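**Student:** Fold the following, please.
(one chain, ligands or ions: 2)
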Amino acid sequence: KKFTVGDYLAERLAQIGIRHHFVVPGDYNLILLDKLQAHPQLTEIGCANELNCSMAAEGYARANGASVCVVTFSVGAISAFNGTGSAYAENLPLILVSGGPNTNDASQFHILHHTLGNSDYTYQLEMAKKITCCAVAIPRAEEAPRLIDRAIRAAILSRKPCYIEIPTNLAGATCVRPGPISAVTEPIASDRDALKAACAAAADYLDGKLKPVILVGPKLRRAGAEKELLKLAEAMGCAVAVQPAAKGMFPEAHPQYVGTFWGQVSTDAADSIVHWADALICVGTIFNDYSTVGWTAVPDIPLMAAEIDHVTYPGAHFSRVRLSEFLEGLAADVTYNNNTMLEYNRLRPDPRQVHTAAPEDALTRKEVTRQVQGILTSNSTLFVETGDSWFNGIGLTLPAGAQFEIEMQWGHIGWSIPASFGYAMHFPTRRTIVMVGDGSFQVTAQEVSQMVRYKVPITILLINNRGYTIEVEIHDGSYNKIKNWDYALLVQAFNSTDGHAKGLLANTAGELVTALREAEEHKGGPTLIECTIDQDDCSKELITWGHFVASANARPPKGRHD
Ligand SMILES: Cc1ncc(Cn2nnc(CCOP(=O)(O)OP(=O)(O)O)c2C)c(N)n1
Ligand SMILES: [Mg+2]
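**Tutor:** Residues are numbered from 1 along each chain as shown. Ligands and ions are numbered 1, 2, ... in the order given. As a prediction, this is how the structure comes out:
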């Protein structure tokens, strides 16, 4: 049996641990899809459209480490660029594969379908170069091994997406079999001298500090360094706060956990201890306008920044120092200093009294959140969507083992539906729960039909506050109103004869209790629970945060004379 370019790609994908490939077919990629489907370790997962396909791959990469999205040229890839952008912003190695025109067409100046209508088909590769760490187009079969290996290796090493374009007449062309996968996956270790120097100098630097705090950012998990961070934290004994996008990356049951540092909308007084510190060890952090509450919460104390492949702090920079090795090395060199934990234990807020609504009470945001808290277990993964769901989710406490997924850098509304679907395809036995607003749900609702088709037991809490409330709090206008849907009935429409899905409606606290119990028992597919709340029923944090983000957006342009 002939070994082809498509087989080469399939083998490499399987060798890096991918077991599901997310696809939307198109005549430029059909032969390629045949080759991928023929691989014994790959299972093809069809999606309703390429935006959702790329977001499903983004979610799968959160669970699996790497993922692949296979689309057709131009009409497919340009939609998939959005999930690819998310993977770039969220530091996930998503491999975007697009079918491409037959290699004979360009030189004959042929006009082809799905293209812009001229004979220059290079625009897609050029666009892909901007949103990936490596973009390649295979010009002839002989170059496929080199280019495919280069793109996949780049994605794995940098935790960024890559792009591979395979012409429709090359997928089935003869190709050599791949060499050892270590040539693609072998990580780049730290430079020994730089690592030694960095750990010793950083330990010295911290010795000179009275009150250091560790702040965990979202790139910690992407760098695979959570274990080593725990070691460093316990070697120091200091307070450990997380950024909102890093929730769940440090165990919340740990005695040194002090909550989410998010400026004025921090939890558990984390901002007090961060501001009390005289040095902040920032591990994989991202200080953007959203995580700094419109630039009002940029720490003004000396920062040590430990990144995926370098370390900097006042007076020092060390290149080629891998995050996990640096944290491990520093844990061995650093002096124990628990001053910030001693102080934090004096200012730790008392547990909040949470009001339990009566069963007949109209449902409120607070009651929805209280009930979600009640169903979280070590086997739960909570996806929170852009919107007030961010704030509702950040305020929850994760039991040991529970996971949390958020897309705060890219912030594409609708991400949570396909992303949780992709995630659950890798973790079918985890209890995946989604908190999503009505506006976001309307962007990618079709993927619920794939959850039905693949019998994925996801619980979707659709918080229906009749519109784009997060936008209302930033800046209101007619555009924040949307057409209301009958969401429970929509799920019935996807469900049709399958019977794998449940669409429920909860208007009161009691109805939500019943619906969540039904969802818990329903293992054979998704359960969507539409939770109706008042359109002005939003978190106080959203109002505060929205106010400062709006004023950050409103900063006047710097004129010549200011
Ligand atoms: C793809 C994309 N398009 C537009 C936006 C801007 N945006 N951000 N949040 C929203 C509204 C979210 O509304 P919902 O999901 O209902 O959430 P709530 O805030 O809970 O009402 C928009 C329209 C966005 N974040 N992503
Ligand atoms: Mg809404």
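**Student:** hey, let's count contacts and neighbours off CA atoms from now on
**Tutor:** Will do.
**Student:** Show me which residues of the stretch 151-300 of the chain sit near ligand 2.
**Tutor:** Not one residue of the stretch 151-300 of the chain sits near ligand 2, judged by Cα under 5 Å from the ion.
**Student:** OK, now which residue of the stretch 151-300 of the chain is nearest to ligand 2?
**Tutor:** Of all residues in the stretch 151-300 of the chain, Y290 sits closest to ligand 2, at 18.8 Å by Cα to the ion.
**Student:** what stretches of the stretch 401-550 of the chain score poorly on pLDDT?
**Tutor:** For the stretch 401-550 of the chain, the stretches flagged by pLDDT under 70 are 496.
**Student:** Strands of that one, residue ranges please.
**Tutor:** 403-406, 431-437, 459-464, 502-506, 527-532 (DSSP state E, counting those that start in this stretch).
**Student:** List just the one of the ones you listed that sits closest to G374.
**Tutor:** strand 431-437 (12.4 Å; Cα to Cα).
**Student:** close to ligand 2, is the closest one?
**Tutor:** Yes: Strand 431-437 is in contact with ligand 2 by Cα under 5 Å from the ion, via G437.
**Student:** So in that sheet, which strands flank that strand, and in what orientation?
**Tutor:** strand 380-384 (parallel), strand 459-464 (parallel) (DSSP bridges).
**Student:** who in the chain is up against ligand 1?
**Tutor:** By Cα under 6 Å from any ligand atom, the residues of the chain that approach ligand 1 are 386-389, 411-413, 437-440, 465, 467-471.
**Student:** Got a ChimeraX select line for the buried ones in these?
**Tutor:** The ChimeraX selection below is limited to those of those classed as buried (16 or more other Cα atoms under 10 Å):
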select :386,387,388,389,411,412,413,437,438,439,440,465,467,468,469,470,471
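**Student:** Please flag which of the residues of the chain next to ligand 1 sit within helices.
**Tutor:** Using DSSP state H, the subset of these located in helices is 388-389, 438-440, 469-471.
**Student:** closest to G99 among the residues you listed?
**Tutor:** Sorting these by how near they are to G99, with Cα to Cα, puts S440 at the top with 29.7 Å.
**Student:** mind listing what that closest one touches?
**Tutor:** 385-387, 413-415 (Cα atoms under 8 Å, 6 or more residues apart in numbering).
**Student:** The most centrally placed residue in the chain: what's it in contact with?
**Tutor:** In the chain, the centroid-proximal residue (Cα atoms, centre = their mean) is E407; its distance is 4.6 Å. Listed by Cα under 8 Å, 6+ apart, the contact set of E407 reads 86, 90, 245, 385-386, 415.
**Student:** Show the backbone phi and psi for it.
**Tutor:** phi -120, psi 70 (degrees, to the nearest 10).
**Student:** Export the strands paired with strand 431-437 to CSV and append columns for distance to A506 and mean neighbour count.
**Tutor:** Listed next are the strands paired with strand 431-437 as CSV, based on distance: least, Cα to Cα, whole Å; neighbours: other Cα atoms under 10 Å:
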stretch, distance to A506, mean neighbour count
strand 380-384, 19, 25
strand 459-464, 10, 25
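**Student:** what about those, which gets the closest to I95?
**Tutor:** Across these, closest to I95 is strand 380-384 (Cα to Cα), at 22.3 Å.
**Student:** related to what we said a few turns ago, verify the contact between the residue of the stretch 151-300 of the chain closest to ligand 2 and V549 for me.
**Tutor:** Yes: counting by Cα atoms under 8 Å, Y290 touches V549, with 7.0 Å between them.
**Student:** Could you check how many residues crowd around H475?
**Tutor:** Neighbour count for H475, taken as other Cα atoms under 10 Å: 14.
**Student:** Tell me the spacing between it and ligand 2.
**Tutor:** 14 Å (Cα to the ion, to the nearest Å).
**Student:** returning to that earlier point: mind putting the strands of the stretch 401-550 of the chain in CSV, distance to V71 included?
**Tutor:** What follows is these, written out as CSV (distance: least, Cα to Cα, whole Å):
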stretch, distance to V71
strand 403-406, 25
strand 431-437, 26
strand 459-464, 27
strand 502-506, 30
strand 527-532, 28
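**Student:** In a markdown table: the strands paired with strand 431-437, plus distance to ligand 2.
**Tutor:** Shown next, in a markdown table, are those (distance: least, Cα to the ion, whole Å):
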| stretch | distance to ligand 2 |
| --- | --- |
| strand 380-384 | 13 |
| strand 459-464 | 6 |
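**Student:** now the ones you listed as CSV including distance to G46?
**Tutor:** As requested, the strands paired with strand 431-437 are exported to CSV (distance: least, Cα to Cα, whole Å):
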stretch, distance to G46
strand 380-384, 22
strand 459-464, 21
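**Student:** Please name the residues that touch whatever residue of the stretch 151-300 of the chain ends up closest to ligand 1.
**Tutor:** For the stretch 151-300 of the chain and ligand 1, the shortest gap (Cα to the nearest ligand atom) falls at Y290, measuring 11.7 Å. Contacts for Y290 were tallied using Cα under 8 Å, 6+ apart; they are 408, 549.
**Student:** now with 10 Å?
**Tutor:** By Cα atoms under 10 Å, 6 or more residues apart in numbering, the residues touching Y290 are 244, 262, 296-297, 408-409, 411, 545-546, 548-549, 552.
**Student:** So it: helix, strand or coil?
**Tutor:** Judged by DSSP: H, G, I helix; E, B strand; the rest coil, the three-state class of Y290 is coil.
**Student:** Relative to M408, how far out is it?
**Tutor:** 8 Å (Cα to Cα, to the nearest Å).
**Student:** what residues are shared contacts of these two?
**Tutor:** Looking at what touches both Y290 and M408 (by Cα under 10 Å, 6+ apart), the common residues are P244.
**Student:** average pLDDT across stretch 369-385?
**Tutor:** On average, the pLDDT along stretch 369-385 is 98.
**Student:** buried stuff in it?
**Tutor:** 369-370, 372-373, 376-377, 380-385.
**Student:** biggest separation within these, which pair?
**Tutor:** Greatest spacing in those, by Cα to Cα: T377 and E385 (19.8 Å).
**Student:** All the helices of the stretch 101-250 of the chain, residue numbers only.
**Tutor:** Secondary structure of the stretch 101-250 of the chain (DSSP state H, counting those that start in this stretch): helices located at 123-131, 144-158, 182-185, 192-207, 219-222, 226-236.
**Student:** Nearest to ligand 1: which residue in the stretch 51-200 of the chain?
**Tutor:** Closest point on the stretch 51-200 of the chain to ligand 1, by Cα to the nearest ligand atom, is N82, at 8.6 Å.
**Student:** hmm, back to that, what about the contacts of Y290, which are in helices?
**Tutor:** Among the contacts of Y290, the members found in helices (DSSP H) are 545-546, 548-549, 552.
**Student:** Compare these and tell me which has the most neighbours.
**Tutor:** If you rank the ones in helices among the contacts of Y290 by neighbour count (other Cα under 10 Å), W545 sits at the top with 25 neighbours.
**Student:** from what I can see it touches G387, true?
**Tutor:** No: contact criterion Cα atoms under 10 Å: W545 and G387 do not qualify, at 11.5 Å.
**Student:** so what sits against both of the two?
**Tutor:** Common contacts of W545 and G387, defined by Cα under 10 Å, 6+ apart, comprise I470.
**Student:** Show me what the helix or strand harbouring E325 is packed against.
**Tutor:** Applying DSSP states H and E as the criterion places E325 in helix 323-333. On a contact count with 3 or more Cα pairs under 10 Å, 6 or more residues apart in numbering; DSSP states H and E, helix 323-333 meets helix 192-207, helix 219-222, helix 226-236, strand 303-306, strand 310-313.
**Student:** Sheet partners, orientation included, of the fourth one?
**Tutor:** Strands flanking strand 303-306 in the sheet, each with its direction: strand 279-283 (parallel), strand 310-313 (antiparallel) (DSSP bridges).
**Student:** what residues does the last one touch?
**Tutor:** Read that as strand 310-313. 190, 194-195, 198-199, 201-202, 205, 279-283, 302-306, 317-323, 326.
**Student:** With the first one instead?
**Tutor:** Outside of strand 279-283, the residues that reach it under the criterion Cα under 10 Å, 6+ apart are 205-206, 208-220, 225, 229, 240-243, 274, 299-308, 311-313, 323, 327.
**Student:** I appreciate the help and will end here.
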